[in-house]
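# Whatever this is, show me its structure:
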Amino acid sequence: MRETSPKFNPAVLPAEFMKSFQQVDSDEPRHFLYPGQVFVTRDPITISTILGSCAAICLWDRHKRVGGMNHYLLPEGLSDGPNRLRYGNVANPELLEQVLALGCETRNLQAKIFGGSSAFAVDLSQSVGSRNVEFAESFLRSAGIPVVEREVSGKHGRRLFFQIFDGVTKIKNFDQL
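Numbers count the residues shown, from 1 in each chain. The predicted structure follows:
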């Protein structure tokens, strides 16, 4: 009888593993977002992260100039525990809740979706990346928040920058994950 090794679960990687991916190339205030984190602010800073098959939603209120971003690894998972924000079913409502707590109204929010690469998938529609993006789109549709920008899918990773002061996003694509 042959033993099978356990499947790799990226949702359990510690944040310390990701510290080597931070890049500070500017004097402007920045916040690096690790997988499984949500960050919202009214301060004029830039939030950045690195995405592969993960997804990120950026929410921005153009009237209040307030915004935030999440970064999740898998569309669904346990809703409690230390890694709960690594799942879209928890991270997406948490992002919306935190932005609303800063005084935003849903009707003034706009969303941007990034990530969802599928570098190794044979059937792209069933890849983790595609499922992450579909989950983000479904959540935003049900919340009534328009998606004004998206850069998703493909076979490459991305470095995402989201400027809170004006809602502008910038992407740097990587040739390989």
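# going forward, measure contacts between C-alpha atoms and count neighbours the same way
OK.
# Which other helices and strands does the longest helix along the chain contact?
As assigned by DSSP state H, the longest helix anywhere in the chain is helix 128-143. When contacts are defined as 3 or more Cα pairs under 8 Å, 6 or more residues apart in numbering; DSSP states H and E, helix 128-143 sits against strand 55-61, helix 88-101, strand 109-115, strand 147-152.
# Pick the most deeply packed of these.
strand 55-61 (a mean of 29; mean count of other Cα atoms under 10 Å).
# so I171 makes contact with G157?
No - look at I171 against G157 with Cα atoms under 8 Å: they stay out of range, at 10.0 Å.
# pLDDT of stretch 165-172, averaged?
Across stretch 165-172, pLDDT averages out at 96.
# Can you read off the pLDDT for the nearest residue in space to F161 that is not next to it in sequence?
Excluding the flanking residues, the one nearest F161 by Cα to Cα, 6 or more residues apart in numbering is S48, at 4.4 Å. Note for S48: predicted pLDDT of 97.
# Let me see the contact set for S48.
By Cα atoms under 8 Å, 6 or more residues apart in numbering, the contact list for S48 reads 30-33, 159-162.
# Considering those, which is situated nearest to E94?
In terms of Cα to Cα, no member of the contacts of S48 lies closer to E94 than L33, at 14.7 Å.
# Quick check: buried residues in stretch 115-135?
115-119, 124, 127-133, 135 (16 or more other Cα atoms under 10 Å).
# so G68 makes contact with V40?
Yes - when contacts are counted by Cα under 8 Å, G68 is listed as touching V40 (3.8 Å).
# what residues do these two have in common as contacts?
Shared contacts of G68 and V40 (Cα under 8 Å, 6+ apart): 95, 99.
# Number of residues surrounding R65?
Close neighbours of R65, defined as other Cα atoms under 10 Å, add up to 17.
# Next SSE downstream of the lowest-mean-pLDDT helix or strand in the chain?
Taking mean pLDDT, DSSP states H and E as the measure, the helix or strand of the chain with the lowest value is helix 15-18, at a mean of 52. Per DSSP states H and E, the first helix or strand lying C-terminal to helix 15-18 is strand 30-32.
# and that following strand, which residues are buried?
Here strand 30-32 shows 30, 32 as buried, counting by 16+ other Cα under 10 Å.
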